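> I would like the atomic coordinates for the input below:
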Amino acid sequence: MKKSLQERLAILSDAAKYDASCASSGTTRRNSAASGGLGSTEGSGICHAYAPDGRCISLLKILLTNFCIYDCAYCINRSSSNVERARFTPDEVIWLTLEFYRRNYIEGLFLSSGIIRSSDDTMEQMVKVARELRTTHNFRGYIHLKTIPEASQRLIEEAGLYADRLSINIELPTDSGISAYAPQKQPEGIRRSMGDLRLKMEEMAEPTLRTRKRRTFAPAGQSTQMIVGADGADDATILGTSARLYGSYRLKRVYYSAFSPIPDASRSLPLVKPPLMREHRLYQADWLYRFYGFDIGEITGGQAGGMLDLDIDPKLAWALVNRGRFPIDINRAEREMLLRVPGFGTKTVASILSARRFRRLRLEDLKRLGVSLRKVQPFIVADGYTPAVLTDRADLRARFAPAPEQLSLL
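Okay, the predicted model is just below:
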């Protein structure tokens with residue numbers, strides 16, 4: 001019996017929750033009010049919504065289908081999984097996107113898919129969705145396509161003409177993990193596709209003699225997704241892989257997806273608990289690497305077994321290991337060291353550097369900037385304040401660790 005459109009939407013939107021998406025930051029400014037058509041990427045961009053597990057699902061986020069010819073051990077939609085299957089046609093995805101937009105539910109589309117028949121056949125249908133939205137319906141909202149590395153380069157390049165962002169999943173942090181749990185996928189093929197995509201973006205970004213301007217091609221860049229906790233790789237290995245991906249392919253983002261075990265008596269996968277907190281700490285560490293000047297070795301070097309501390313954030317964990325570098329004088333310290341103070345973000349540091357040109361800063365000034373004084377006091381000196389022995393207290397970590405919880409027997 002054929003499922004209704006509503007039933008398929010429920011199945012395929014739920015199946016898409018395992019794909020990490022993003023908002024429309026980084027793309028070009030387009031507005032239908034000025035140029036006609038539908039949608040925009042300006043202003044608030046994407047209408048943000050949140051799933052029960054806290055993930056942002058701000059786009060119409062669906063799979064073209066959850067049928068798949070691959071049998072990746074960590075994937076709920078693998079060929080051997082006993083899940084309810086469904087499938088959209090490209091025209092149905094187009095209709096849903098436009099109708100959701102007209103109802104002001106969304107500002108864009110995140111489209112992924114299981115592999116049906118072949119990689120090229122699936123990729124061709126996904127490209128058709130983006131192409132028809134842009135050319136036939138003049139849709140100017142945000143489009144993110146989860147591309148298939150085994151698809152032909154021609155199709156991936158065509159996808160970049162219509163999508164704001166393309167992503168190719170690296171799958172797992174190690175080649176050995178991919179070989180063990182996704183043997184039908186080839187790590188070198190994935191990296192080759194990511195490299196080809198980077199080269200195409202660079203090529204299209206160069207102005208030509210004829211146009212003298214850059215051509216639009218995936219203006220929000222490319223990203224990737226990595227499953228964490230499925231293959232037993234430690235956090236140092238995961239973050240090291242991310243650093244290499246950022247350097248080699250100029251990715252806009254690496255998304256970490258916590259592995260949740262799928263019941264299957266025939267398979268045995270390692271599980272690192274708690275998975276969602278681990279995912280959160282990896283994002284924080286990734287942020288320190290990208291925007292705060294930390295090396296991966298600094299973030300993970302002082303942690304046991306190469307694993308991040310789940311009770312406190314990575315910057316605070318680093319500061320506790322490196323207490324000899326604190327306290328620092330907020331009225332004299334350089335930007336690079338201010339960024340390493342727990343509780344100071346990039347905007348706070350910019351405000352400190354600007355304000356201290358005119359006067360010496362006190363704790364009250366930091367409070368007005370919205371800084372948590374309890375967190376920063378052990379690590380700074382300010383006008384009229386010094387932490388005395390607070391920085392060296394043996395119980396300093398305990399001040400920040402979450403309070404112990406009483407476990408229930410029922």
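
> Poorly predicted segments of the stretch 151-300 of the chain, please.
Counting by pLDDT under 70, the stretch 151-300 of the chain has low-confidence residues at 208-214, 260-274.

> for it, what spans make up the strands?
165-167, 222-228, 253-258 (DSSP state E, counting those that start in this stretch).

> what comes into contact with the longest one?
Okay, so that is strand 222-228. 19-20, 22, 74, 165-173, 194, 197-198, 201, 238, 241-242, 245, 249, 251-259, 272, 275, 278-279, 282 (C-beta atoms under 8 Å, 6 or more residues apart in numbering). (Glycine included, C-beta is placed from N, CA and C.)

> in the stretch 1-150 of the chain, which spans are helices?
Assigned by DSSP state H, counting those that start in this stretch, the stretch 1-150 of the chain shows helices spanning 5-15, 32-35, 90-102, 119-135.

> okay if I get those helices as a markdown table plus mean neighbour count, distance to G297 and mean pLDDT?
Below are the helices of the stretch 1-150 of the chain laid out as a markdown table (neighbours: other C-beta atoms under 10 Å; distance: least, C-beta to C-beta, whole Å; pLDDT from 0 to 100):
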| stretch | mean neighbour count | distance to G297 | mean pLDDT |
| --- | --- | --- | --- |
| helix 5-15 | 17 | 38 | 89 |
| helix 32-35 | 11 | 48 | 53 |
| helix 90-102 | 18 | 44 | 94 |
| helix 119-135 | 20 | 37 | 97 |
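
> Tell me which of the ones you listed lies nearest to E158.
Among the helices of the stretch 1-150 of the chain, helix 119-135 comes nearest to E158, with 5.3 Å by C-beta to C-beta.

> what is the orientation angle of the closest one with helix 90-102?
40 degrees (axes from the mean of the first three to the mean of the last three C-alpha atoms, to 10 degrees).

> If you count contacts, what does helix 119-135 end up packed against?
Under the contact criterion of 3 or more C-beta pairs under 8 Å, 6 or more residues apart in numbering; DSSP states H and E, helix 119-135 touches helix 90-102, strand 108-112, strand 142-146, helix 153-162.

> centre of the chain versus that helix, how much separation?
24 Å (C-alpha atoms, centre = their mean, to the nearest Å).

> if we look at that helix, which residues are touching it?
Under C-beta under 8 Å, 6+ apart, the answer for helix 119-135 is 64-65, 90-91, 93-94, 97-98, 109, 111, 113-116, 139, 143, 145, 147-152, 155-156, 158-159, 161-163.

> And the residues you listed, which of them are buried?
Neighbour-count burial (16 or more other C-beta atoms under 10 Å) applied to the contacts of helix 119-135 gives 64-65, 90, 93-94, 97-98, 109, 111, 113-116, 139, 143, 145, 147-151, 155-156, 158-159, 161-163.

> The helices and strands packed on helix 119-135: which one's closest to R357?
Among the helices and strands packed on helix 119-135, strand 142-146 comes nearest to R357, with 39.4 Å by C-beta to C-beta.

> pLDDT on the closest one, on average?
For strand 142-146, mean pLDDT is 92.

> Quick one: residues contacting A16.
Contacts of A16 by C-beta under 8 Å, 6+ apart are 61-63, 110, 112.

> For the chain, which residue occupies the most central location?
Geometric centre of the chain, nearest residue: Y255, 3.1 Å, by C-alpha atoms, centre = their mean.

> With only the CA atoms kept, save the lengthiest helix in the chain in PDB.
Secondary structure of the chain per DSSP state H: the longest helix is helix 187-205. In PDB, the C-alpha atoms belonging to helix 187-205 read as follows (Å, rounded to 0.1, in the frame of the first residue of the first chain):
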ATOM      1  CA  PRO A 187      38.300   6.800   2.300                       C
ATOM      2  CA  GLU A 188      40.600   7.800  -0.600                       C
ATOM      3  CA  GLY A 189      37.600   8.300  -2.900                       C
ATOM      4  CA  ILE A 190      35.900  10.500  -0.300                       C
ATOM      5  CA  ARG A 191      39.100  12.600   0.100                       C
ATOM      6  CA  ARG A 192      39.500  12.800  -3.700                       C
ATOM      7  CA  SER A 193      36.000  14.100  -4.100                       C
ATOM      8  CA  MET A 194      36.500  16.700  -1.400                       C
ATOM      9  CA  GLY A 195      39.700  17.800  -3.000                       C
ATOM     10  CA  ASP A 196      38.100  18.100  -6.400                       C
ATOM     11  CA  LEU A 197      35.300  20.200  -4.900                       C
ATOM     12  CA  ARG A 198      37.800  22.500  -3.300                       C
ATOM     13  CA  LEU A 199      39.700  23.000  -6.600                       C
ATOM     14  CA  LYS A 200      36.400  23.700  -8.400                       C
ATOM     15  CA  MET A 201      35.500  26.300  -5.800                       C
ATOM     16  CA  GLU A 202      38.900  28.000  -6.200                       C
ATOM     17  CA  GLU A 203      38.600  27.900 -10.000                       C
ATOM     18  CA  MET A 204      35.100  29.500  -9.900                       C
ATOM     19  CA  ALA A 205      36.200  32.100  -7.500                       C
END
